[in-house]
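> with the sequence up front, the predicted model follows.
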Amino acid sequence: MIREKIDERNVILDLEAGSKEEVVDQLATLLTTNGFVSEVNQFKKDVFEREEHMTTGIGHNIAIPHGKSQAVIDSTVAVAKLKNEVDWGSLDNQPVNIVFLLAIKEADKGNEHLRVLAELSGKLMDDDFVKEIKESKNKEELIKALTF
């Protein structure tokens with residue numbers, strides 16, 4: 001089901017950013033450009049409000065920031081492999097280089113949001129899945145790895 005939420009236009013390799021704010025800014029801008037978000041600043045505000053409650057850096061160099069927002073037109077997941085690791089305040093105190101940004105529209109914020117988050121979190125506990133994502137060398141390999 002998570003595969004249905006990933007549009008290949010929202011997958012980036014070698015994203016250059018120096019902070020989690022820059023990562024979210026670039027991914028939110030991409031989602032806006034691709035028609036999934038109507039108002040980039042509102043969406044970023046909603047993502048960072050969520051981030052203030054608890055880090056979304058889940059460990060193993062992965063973060064799953066997410067925002068439930070009226071600015072989201074169509075719920076989706078943006079995926080980025082970063083060129084350099086950035087500090088995310090992760091649970092394991094390790095920097096992040098893989099980011100899954102969940103954009104959830106208000107109408108989907110209940111069950112849909114939890115289902116997508118649970119499915120993604122569950123897959124990220126699978127060492128083989130994480131290894132395949134980390135070792136993907138191009139967009140095609142990354143998208144193939146995400147097809148589960």
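Sure thing, it's come through.

> which of the helices or strands spans Leu30?
helix 20-33 (DSSP states H and E).

> for that helix, the averaged confidence score.
For helix 20-33, mean pLDDT rounds to 97.

> for that helix, what is the distance to the chain centroid?
10 Å (C-alpha atoms, centre = their mean, to the nearest Å).

> export it as CSV, just CAs?
In CSV, the C-alpha atoms belonging to helix 20-33 read as follows (Å, rounded to 0.1, in the frame of the first residue of the first chain):
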residue,chain,number,x,y,z
LYS,A,20,16.7,18.9,8.5
GLU,A,21,15.0,22.2,7.8
GLU,A,22,16.7,22.4,4.3
VAL,A,23,15.6,18.8,3.6
VAL,A,24,12.0,19.4,4.5
ASP,A,25,12.1,22.7,2.6
GLN,A,26,13.3,21.0,-0.6
LEU,A,27,11.0,18.1,-0.3
ALA,A,28,8.0,20.3,0.5
THR,A,29,8.8,22.5,-2.5
LEU,A,30,9.0,19.4,-4.7
LEU,A,31,5.6,18.2,-3.5
THR,A,32,4.2,21.7,-4.2
THR,A,33,5.8,21.7,-7.7
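
> name the helices or strands packed onto that helix?
If you count contacts as 3 or more C-beta pairs under 8 Å, 6 or more residues apart in numbering; DSSP states H and E, helix 20-33 packs onto strand 11-15, helix 40-53, strand 76-86, strand 96-105. C-betas here are computed from N, CA, C, even on glycine.

> ok and the longest one relative to helix 20-33, angle-wise?
This means helix 40-53. Orientation check (axes from the mean of the first three to the mean of the last three C-alpha atoms, to 10 degrees): helix 40-53 against helix 20-33 gives 140 degrees.

> sorry, back to before: any chance of CSV for the helices and strands packed on helix 20-33, columns mean pLDDT?
As requested, these are exported to CSV (pLDDT from 0 to 100):
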stretch, mean pLDDT
strand 11-15, 94
helix 40-53, 94
strand 76-86, 95
strand 96-105, 93
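
> just these: most buried one?
Highest mean neighbour count of those: strand 96-105, a mean of 24 (counted as mean count of other C-beta atoms under 10 Å).
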